[in-house]
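Trainee: only geometry, no sequence info:
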């Protein structure tokens, strides 16, 4: 599943996510997860549109179980938004792009004014 979103790992999670100076949405996913593949294009599009305001990265839970366990990720897709090293928003399940954007509205400002 090739995409433009950066993949983070247990090893670089702190540096890439927790120490970021802007909000980071982490997509906890796995290869075998159908709904994860469904939302991937929406996340790519949101990243392309709002990447200057929020970073979007992916974390494969099969390859990086420690981080998923640390944050209590029980079902996927789970989208956690981290700000200042803390989880400030959790979105569970596949949603259409518009619904994900509504969930993120406190982190991103609409482009159309």
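Mentor: That came in fine, so what should we check first? For clarity, every value in this text was computed on a predicted model and none was experimentally measured.
Trainee: what's the residue closest to the geometric middle of this protein?
Mentor: Computing the C-alpha centroid of the chain and ranking residues by C-alpha atoms, centre = their mean puts residue 26 first, at 2.6 Å.
Trainee: Look up which helix or strand that residue falls in, please.
Mentor: Using DSSP states H and E, residue 26 falls within strand 24-29.
Trainee: Now do that strand, average pLDDT.
Mentor: Averaging pLDDT along strand 24-29 gives 98.
Trainee: So which elements touch that strand?
Mentor: helix 34-50, strand 55-60, strand 78-83 (3 or more C-beta pairs under 8 Å, 6 or more residues apart in numbering; DSSP states H and E). Where C-beta positions appear, they are placed from N, C-alpha and C, glycine not excepted.
Trainee: next one: stretch 60-67 to chain centre, how far?
Mentor: 14 Å (C-alpha atoms, centre = their mean, to the nearest Å).
Trainee: low-scoring stretches of the protein, by residue?
Mentor: Applying pLDDT under 70 to the chain flags residues 1-3, 110-113.
Trainee: how does it look with 90?
Mentor: 1-4, 109-113 (pLDDT under 90).
Trainee: Between strand 55-60 and the strand holding residue 26, find me the angle.
Mentor: With axes from the mean of the first three to the mean of the last three C-alpha atoms, to 10 degrees defining the directions, strand 24-29 sits at 30 degrees from strand 55-60.
Trainee: who touches strand 24-29?
Mentor: Outside strand 24-29, the residues within contact range by C-beta atoms under 8 Å, 6 or more residues apart in numbering are 5, 8, 16-17, 36, 39-40, 43, 54-61, 68, 71, 73, 76-83, 104.
Trainee: Please repeat the previous calculation with a cut-off of 6 Å.
Mentor: Outside strand 24-29, the residues that touch it by C-beta atoms under 6 Å, 6 or more residues apart in numbering are 17, 36, 43, 54-59, 61, 68, 73, 76-82.
Trainee: The residue nearest to the centre of the chain - nearest residue in space that isn't next to it in sequence?
Mentor: residue 80 (5.0 Å; C-beta to C-beta, 6 or more residues apart in numbering).
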